[in-house]
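Chemist: This is the structure alone, sequence omitted:
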């Protein structure tokens, strides 16, 4: 009998050769019914896998990322099978699971249409009903090449030819369809209960612009139709909130073909941006940070020294100045380090916190660009903290509290990931262990739950990532805290300790917004452009009913401006209903409407974006309420709430 340790620490004994699915049934029939895959000794595996050694075992359901991935990977094979049934001459490329779904790349001598996608989806549902078993088998490299050549699948042949000569190649068969694949998969197509094909796109073979453009079909899959419907409703809501559409409608920003990936901020967008930067400066001053500014272009030698040349060169832009090689900075840390090195430091100055709203440039493929979410230049709200090893835990705690305070102001919930050492990394095992333990101790001390993301740390150190959850359930990675023992070593950073000797400091890299541009994009979508009062580029619009009130609305506008309120006047010769509708579309929090009655009584008639007609009010009282709302950074209008 073999001992198998389950996720909760319980140990069960099974016979050698027992399938994971049988163990799931032994644990619980309900778990067996929901099971999609497994992890054996931390590695993804299938329910069909046999247990032949003592191990740790975790049964995966759709609630686990590994379970979702396994189901959706199988869905991509169902898509490929459906396409081959309907269009046998189409050539197959690759089809992985991705976040929230899957895709498959095809080489066809025709263009897929939305009507074709409907037919493909119907065929996929037939395959699901057939409940075809997925059978894994293996071939030698030569046998695999021959097998794929016989099937006339040149892209698969190319993939196999790139593998070592002694490699054993795995395939999966489901009914009349076989695909090259490493797995894992669910046991049968019937496990994929709900499928939806979503979109078409072009994709270069192997992501190389020199290769042929293929057609990519995107889809998603769930194990319940109700979950799929909820997801599709979320996608519809996301379309309405698309920051690119709203950014243009609200006149916040544009991106032009003269600068793809380089956003242009308009006056209203700059108001929003400046408010965010002002809030950042306020909170960082309170937390003991000093602000610096470093150059955008620095010489190539610096980037060799920092390690970016070896680990990040493909994402960088370069130029020549006076026949010397320079690089446009992709990160702010080397500049901050040079500021630190410009003078000698004592342990008495620590922790030394240097903050920078630094513009960085990174090369992104054109196909990856997406509004403000993925750009080629952006402003990181960076800070670099220099400290002793003894200060690590307390300082990481301080940063976590600072980030938590930021996100609460905007109403965001979040979850945390701890990312550990990647394969492409610098430094000794001892340094990485100490850095990782420092982050773990801080997370445990504050009682913050976290997920371990193995191997996804920065090349110079482990990190804590903060993932924001917006109002429709999507998550966005924004804040990060990276603990670094490597840069201080590479740049020979020192400080004078209490013993009068030189010592090596520890360095923390951290951001809160992540990128000002991306955070603005997230806020636009989170609030659907209806920003709370303190963030709204225009807070109040004043409008008259007839020309006889023009002087009165000008006086109101001037009073509001002098009170520090962002206001616009609509004195056009248009019907008041039309003016109100336009202000609603512009998502302005408050509208002041003035007719003869309001002018005679020296009052204002007030409407709110959310609450509608709020009745007559004294202008002074309105100003006092707005100021309080802005000062408190309320997420909802106090006046609208009173009206509900």
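Modeler: Structure's in. What do you need? Predicted model, so just to flag it, every value in this text is computed and none were measured. Numbers count the residues shown, from 1 in each chain.
Chemist: The stretch 1-150 of the chain: strands as residue ranges?
Modeler: All strands of the stretch 1-150 of the chain, identified by DSSP state E, counting those that start in this stretch, fall at 2-6, 11-14, 18-19, 37-40, 43-45, 50-51, 55-60, 91-92, 97-98, 101-107, 135-140.
Chemist: to the chain's geometric centre, what's the distance from the second one?
Modeler: This points to strand 11-14. Averaging C-alpha positions (Cα atoms, centre = their mean, to the nearest Å) puts strand 11-14 40 Å from its chain's average.
Chemist: tell me what it is packed against?
Modeler: strand 2-6, helix 20-27 (3 or more Cβ pairs under 8 Å, 6 or more residues apart in numbering; DSSP states H and E). The way it works is simple: take the backbone N, C-alpha and C, and place the C-beta from them, glycine included.
Chemist: I am assuming residue 60 contacts residue 34, so please confirm or correct that.
Modeler: No. If you go by Cβ atoms under 8 Å, residue 60 and residue 34 don't touch, sitting 9.3 Å apart.
Chemist: So between the two, which is more surrounded?
Modeler: Set side by side, residue 60 and residue 34 show more neighbours around residue 60, with 27 against 15, by other Cβ atoms under 10 Å.
Chemist: How about the more buried one, nearest residue that isn't a chain neighbour?
Modeler: Leaving aside its chain neighbours, residue 60 sits nearest to residue 67 (3.8 Å; criterion: Cβ to Cβ, 6 or more residues apart in numbering).
Chemist: Count residues in the vicinity of the one you found, would you?
Modeler: By other Cβ under 10 Å, 23 other residues sit near residue 67.
Chemist: domain assignment for the protein?
Modeler: 2-61, 68-239, 253-294+330-526, 540-643 (automatic domain parsing).
Chemist: Can you check which helix is longest in the chain?
Modeler: In the chain, with assignment by DSSP state H, the single longest helix is helix 65-86.
Chemist: Which residues in it does the neighbour count mark as buried?
Modeler: For helix 65-86, the buried set under the neighbour-count rule, 16 or more other Cβ atoms under 10 Å, comprises 66-85.
Chemist: chain center to that helix, what's the gap?
Modeler: Centroid separation for helix 65-86 versus its chain: 24 Å, with Cα atoms, centre = their mean.
Chemist: How about stretch 451-466?
Modeler: 15 Å.
Chemist: ok, now stretch 297-310?
Modeler: The chain centre lies 27 Å from the centre of stretch 297-310; the measure is Cα atoms, centre = their mean.
Chemist: List the contacts of that stretch.
Modeler: 313, 316, 318-319, 321, 324-331, 333-335, 337-338, 426, 459-460, 486-487, 490-491 (Cβ atoms under 8 Å, 6 or more residues apart in numbering).
Chemist: and if we set it to 6 Å?
Modeler: 325, 326, 327, 328, 334, 426, 490 (Cβ atoms under 6 Å, 6 or more residues apart in numbering).
Chemist: got a list of what residue 350 touches?
Modeler: 387, 388.
Chemist: one more time with 7 Å, if that's ok
Modeler: 386, 387, 388, 391, 495 (Cβ atoms under 7 Å, 6 or more residues apart in numbering).
Chemist: and the first one, what helix or strand is that in?
Modeler: Put plainly, it is residue 386. Element membership for residue 386 (DSSP states H and E) is strand 377-387.
Chemist: Direction included, what does that strand pair up with?
Modeler: Neighbouring strands of strand 377-387 in its sheet, by DSSP bridges, are strand 352-361 (antiparallel), strand 506-511 (antiparallel).
Chemist: so of the ones you listed, which one's packed in deepest?
Modeler: A comparison of the strands paired with strand 377-387 by mean neighbour count, using mean count of other Cβ atoms under 10 Å, puts strand 506-511 on top with a mean of 24.
Chemist: which residues make contact with that one from outside it?
Modeler: Contacts of strand 506-511 from elsewhere in the structure, counted by Cβ under 7 Å, 6+ apart, are 333, 380-389, 392, 395, 399, 479-485, 487-488.
Chemist: ChimeraX command for the buried members of the residues you listed?
Modeler: This is the ChimeraX syntax for the buried subset of the contacts of strand 506-511, where burial follows 16+ other Cβ under 10 Å:
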select :333,380,381,382,383,384,385,386,387,388,392,395,399,479,480,481,482,483,484,485,487,488
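Chemist: and the nearest residue to residue 603 once chain neighbours are set aside, how many residues sit next to it?
Modeler: Counting by Cβ to Cβ, 6+ apart, residue 603 lies nearest to residue 616, which is 4.7 Å off, once chain neighbours are set aside. Per other Cβ under 10 Å, the neighbour tally for residue 616 reads 11.
Chemist: export the strands paired with strand 377-387 to CSV and tack on distance to residue 215?
Modeler: Shown next, in CSV, are the strands paired with strand 377-387 (distance: least, Cβ to Cβ, whole Å):
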stretch, distance to residue 215
strand 352-361, 32
strand 506-511, 37
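Chemist: export the strands of the stretch 1-150 of the chain to JSON lines and tack on mean pLDDT?
Modeler: Compiled in JSON lines, the strands of the stretch 1-150 of the chain are given as follows (pLDDT from 0 to 100):
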{"stretch": "strand 2-6", "mean pLDDT": "90"}
{"stretch": "strand 11-14", "mean pLDDT": "90"}
{"stretch": "strand 18-19", "mean pLDDT": "94"}
{"stretch": "strand 37-40", "mean pLDDT": "93"}
{"stretch": "strand 43-45", "mean pLDDT": "89"}
{"stretch": "strand 50-51", "mean pLDDT": "92"}
{"stretch": "strand 55-60", "mean pLDDT": "93"}
{"stretch": "strand 91-92", "mean pLDDT": "97"}
{"stretch": "strand 97-98", "mean pLDDT": "94"}
{"stretch": "strand 101-107", "mean pLDDT": "97"}
{"stretch": "strand 135-140", "mean pLDDT": "95"}
